[in-house]
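K.L.:
give me a 3D structure for the following:
(one chain, ligands or ions: 2)
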Amino acid sequence: MEVGFLGLGIMGKAMATNLLRHGFRVTVWNRTLAKCQELAALGATVGETPASVVSKCRYTIAMLSDPSAALSVVFDKDGVLEQIGSGKGYVDMSTVDAATSTKISEAVKQKGGAFLEAPVSGSKKPAEDGQLVILAAGDKPLYDGMIPAFDVLGKKSFFLGEIGNGAKMKLVVNMVMGSMMNSLSEGLCLADKSGLSPQTLLDVLYSLTIKKDLGAIANPMFKLKGPTMLQGSYSPAFPLKHQQKDMRLALALGDENAVAMPVSAAANEAFKKARSLGLGDQDFSAVYEVVKGAGGSGSGQP
Ligand SMILES: NC(=O)C1=CN([C@@H]2O[C@H](COP(=O)(O)OP(=O)(O)OC[C@H]3O[C@@H](n4cnc5c(N)ncnc54)[C@H](OP(=O)(O)O)[C@@H]3O)[C@@H](O)[C@H]2O)C=CC1
Ligand SMILES: O=CCCC(=O)O
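P.N.:
Numbering: from 1, shown residues only. Ligands and ions are numbered 1, 2, ... in the order given. Predicted coordinates:
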């Protein structure tokens with residue numbers, strides 16, 4: 001199967017690499033073209049523009065930072081829209097809002113092409129290991145056609161119906177995740193300030209000795225991020241600026257539906273503060289530095 005791949009950031013690079021490793025023929029494009037070289041060394045063909053990738057491939061996947069990037073790659077000069085048409089499918093796996101996805105879907109359909117939104121849960125490592133959770137919606141025949149690729153990229157795919165449902169589901173999931181990360185940060189601070197060992201808090205949730213979840217709120221994210229947070233190590237798997245974008249878009253979805261979300265709003269403020277301190281390109285767990293600062297153990301500076 002031949003696929004195009006637009007966007008070789010943390011996720012796109014891992015996903016395109018995974019497809020190549022599983023025998024897919026992949027044509028890649030990235031705004032910063034130099035990033036294509038690593039994929040070319042693994043056997044990918046390099047396209048010069050999004051339009052040239054779409055022209056070559058029946059299916060094209062995009063994995064881009066945010067709504068403005070997703071729109072730019074479709075609508076700008078040399079964009080997807082110039083070559084999409086009958087018999088071609090465009091699959092946007094970026095995390096965006098439903099309005100962005102709908103705008104792209106309508107434009108692609110007007111040109112005779114098929115469109116699927118398919119944002120993912122899971123970060124850099126699951127992307128490398130083909131363990132993502134895919135939240136697709138839109139054109140069902142295109143979804144069916146993408147199954148061989150989704151089976152390589154993910155451990156489970158959901159088809160959620162009409163366009164917008166995948167985007168909304170992804171935002172709800174990441175809204176919960178962002179609030180949980182703030183809550184873990186507060187828990188580690190509270191343990192520390194009240195004379196407990198934050199490491200022992202992590203042990204109470206998950207015992208390294210017996211490799212078993214102990215507390216009811218033990219979960220893979222706390223297990224993965226807790227130890228690195230205690231080391232002050234925030235090498236980006238999921239950049240904080242993207243988590244804050246997702247909180248912002250989820251809060252907008254809450255506005256549209258008159259859903260009060262005070263916990264998420266507070267979490268968003270902490271992520272915004274972290275961005276203002278220059279932590280946007282660090283892992284989203286770096287919000288711990290802001291929570292530590294607010295708790296009086298420091299200035300909030302990393
Ligand atoms: N990292 C993660 O754990 C996860 C991320 N996501 C979502 O996946 C998407 C990608 O995330 P991730 O790979 O981490 O992000 P990165 O910041 O690592 O990569 C972003 C990509 O978007 C491209 N890009 C940004 N702006 C533009 C633009 N205006 N025009 C064209 N290309 C642009 C970048 O190109 P360039 O290289 O030139 O800057 C790069 O290829 C985001 O929507 C994110 O929310 C979803 C699940 C997990
Ligand atoms: O959007 C990013 C999600 C990261 C994750 O699910 O671990």
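
K.L.:
check the chain for the residue nearest ligand 1 and tell me.
P.N.:
residue 9 (1.8 Å; CB to the nearest ligand atom). Placement of C-beta: from N, CA and C, glycine included.

K.L.:
pLDDT score for that residue?
P.N.:
pLDDT for residue 9: 98.

K.L.:
what residues sit buried inside stretch 244-260?
P.N.:
244, 245, 246, 247, 248, 249, 250, 251, 253, 254 (16 or more other CB atoms under 10 Å).

K.L.:
what residues sit buried inside stretch 204-211?
P.N.:
So stretch 204-211, judged by 16+ other CB under 10 Å, has buried residues 205, 206.

K.L.:
could you do stretch 45-57 as well?
P.N.:
45, 47, 49, 50, 51, 52, 53, 54, 55, 57.

K.L.:
could you dump the buried residues of stretch 244-260 into TSV and include pLDDT, distance to residue 229 and secondary structure?
P.N.:
TSV is the format used below for these (pLDDT from 0 to 100; distance: CB to CB, whole Å; DSSP: H, G, I helix; E, B strand; the rest coil):
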residue	pLDDT	distance to residue 229	secondary structure
244	98	17	helix
245	98	21	helix
246	98	19	helix
247	98	18	helix
248	98	23	helix
249	98	25	helix
250	98	23	helix
251	98	24	helix
253	98	28	helix
254	98	27	helix
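
K.L.:
in the stretch 151-300 of the chain, which spans are strands?
P.N.:
Taking DSSP state E, counting those that start in this stretch, the strands of the stretch 151-300 of the chain run over residues 154-159, 206-207, 212-213.

K.L.:
columns mean pLDDT on top of those, output as JSON lines?
P.N.:
JSON lines is the format used below for the strands of the stretch 151-300 of the chain (pLDDT from 0 to 100):
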{"stretch": "strand 154-159", "mean pLDDT": "98"}
{"stretch": "strand 206-207", "mean pLDDT": "88"}
{"stretch": "strand 212-213", "mean pLDDT": "90"}
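
K.L.:
between these, which one is closest to ligand 2.
P.N.:
Closest among the strands of the stretch 151-300 of the chain, once you apply CB to the nearest ligand atom, is strand 154-159, at 11.7 Å.
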